[in-house]
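K.L.:
coordinates for the following, if possible.
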Amino acid sequence: MNLKHKYRNLILSIILDLIGFIPFIDLIWAPISGYIMTKLYKGESGKIAGVFTFIEEILPMTDFVPSFTIMWFYTYVFKKVDKNTIIEV
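P.N.:
Purely as a prediction, here's the structure:
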């Protein structure tokens, strides 16, 4: 895996989490963020994270959870990375 792509995905995850912090866009952002999560992280873990992100964004008072960044840490730090499950943007 290219180190440049790894940190580009971290920056992208942080930006997507910051978008999720914007108040009053939850109904629009929830399905978009769930979809982006499943495309950014392929496989079963990406699908699970997509559902989690959708629920986290649609529920009030949960916008503070940085779900994209958590998934980045899970993928690149805690889990052995499989090159076939990650899209390099």
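K.L.:
only C-alpha atoms from now on, for both contacts and neighbour counts.
P.N.:
Fine.
K.L.:
now Ala49: phi and psi?
P.N.:
Per-residue torsions, Ala49: phi -60, psi -40 (degrees, to the nearest 10).
K.L.:
now do the buried residues in stretch 24-31.
P.N.:
Residues of stretch 24-31 classed as buried: Asp26, Trp29, Ala30, Pro31 (neighbour count, 16 or more other C-alpha atoms under 10 Å).
K.L.:
in strands only, show me those residues.
P.N.:
Per DSSP state E, strands hold no members of these.
K.L.:
please report the distance of the residue in the chain sticking out farthest from the centre from Tyr41.
P.N.:
Distance from the C-alpha centroid of the chain, by C-alpha atoms, centre = their mean, peaks at Phe24 (19.6 Å). As for Phe24, its distance to Tyr41 is 26 Å (criterion: C-alpha to C-alpha, to the nearest Å).
K.L.:
which parts of stretch 30-37 are buried?
P.N.:
Ala30, Pro31, Ser33, Gly34, Tyr35, Met37.
K.L.:
can I get these in TSV including distance to Asn2?
P.N.:
Below are these laid out as TSV (distance: C-alpha to C-alpha, whole Å):
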residue	distance to Asn2
Ala30	30
Pro31	29
Ser33	25
Gly34	25
Tyr35	24
Met37	20
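K.L.:
longest single helix anywhere in the protein?
P.N.:
Longest helix in the chain, counting residues (DSSP state H): helix 3-20.
K.L.:
determine the set of other helices and strands touching that helix.
P.N.:
Where contact means 3 or more C-alpha pairs under 8 Å, 6 or more residues apart in numbering; DSSP states H and E, helix 3-20 is packed against helix 26-40, helix 67-73.
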